[in-house]
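Peer 1: pasting the sequence and the predicted coordinates here, then a few questions.
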Amino acid sequence: MSLEHLINANIHRLKEGARVLEDIARFILKDDLLFKELRTLRHALLSSQPIKTPEMDLGGSSLKEKNARTDLLNVIQANALRMQEALRVLEESSPTTDQKQKIKSLRYDAYQLHQKIYQKMSYFLKKDKLKGLYLIIDPNIIGLPLKKIIDTINKTEINLVQLRNKKLKVSVNLIQKV
C-alpha cells in the first residue's frame, strides 16, 4: 500500500458517503439547498483513479462488516462520519499547507452538513409519525386486557397512542412501533 492508495481510498470513501447523504436530501427530505451543499462538497475534490489492486485492500470486499443500519438516522450518521473521517485522513496526508487548509475547511463544512441533515431528518421523521390517526385509549372503558389492545393497535397504521388509566397501579413498558 502506498500513500497514493491511502489518498485514493479516502477520496472514494468521501464521495460514497456524500452521495448517500445527497440522495437522502434530494429524494426523502426534498431539500434542494442541502442537496446542493452536499454535492458541492463531494465535487470539491478531484476524482481519483480507481484503485489499481483492489484485491490487496485488507478492508475491501472480503471484509465482513456487522454494521446493519436500522433506520435513516443511522444511515446519515454512518455516512456523515465516513466523510469526516476520510477528510481527516486526506488533510493529514496532504503535502502542502494550502492543501491541508482547503481540506480542513471541507471537513468543517462536512460537520455543518452532518448537523443540518441529521436535524432535518429527525424533524421529518417526527412530523411523519404525527400524521394520521391519534388514538386515546382507556382500558377500563374498553374492557379488554391491555395486551390485547396493544396487539390490535400494532396491526394498524396508527402512529401515536395516548394511554389514559387513572386506576393503573403497575408500570407499563411502552413499545415503540417501527
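Peer 2: Ah, there it is. Residues are numbered from 1 along each chain as shown.
Peer 1: just give me the neighbour total for Ala68.
Peer 2: Neighbourhood size, Ala68 [other Cβ atoms under 10 Å]: 6. Placement of C-beta: from N, CA and C, glycine included.
Peer 1: do the same with Phe124
Peer 2: With neighbours defined by other Cβ under 10 Å, the count for Phe124 comes to 16.
Peer 1: that one is in contact with Leu29, isn't it?
Peer 2: Yes. Using Cβ atoms under 8 Å, Phe124 makes contact with Leu29 at a distance of 5.8 Å.
Peer 1: tell me where the chain has strands.
Peer 2: Along the chain, the segments classed as strands by DSSP state E run 134-137, 160-163.
Peer 1: closest to Ala86 out of the ones you listed?
Peer 2: strand 160-163 (39.1 Å; Cβ to Cβ).
Peer 1: quick one: residues contacting the residue positioned nearest the centre of the chain.
Peer 2: Using Cα atoms, centre = their mean, the residue of the chain that lies closest to the mean C-alpha position is Ile76, 1.6 Å off. Contact analysis of Ile76 by Cβ atoms under 8 Å, 6 or more residues apart in numbering lists Leu21, Ile24, His114, Ile117, Tyr118, Met121.
Peer 1: make it 7 Å
Peer 2: Ile76 sits next to Leu21, Ile24, Ile117, Tyr118, Met121 when contact means Cβ atoms under 7 Å, 6 or more residues apart in numbering.
Peer 1: possible to save those residues as TSV with pLDDT, neighbour count and distance to Lys66?
Peer 2: Below are the contacts of Ile76 laid out as TSV (pLDDT from 0 to 100; neighbours: other Cβ atoms under 10 Å; distance: Cβ to Cβ, whole Å):
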residue	pLDDT	neighbour count	distance to Lys66
Leu21	96	30	22
Ile24	94	22	23
Ile117	96	26	25
Tyr118	96	16	23
Met121	93	22	23
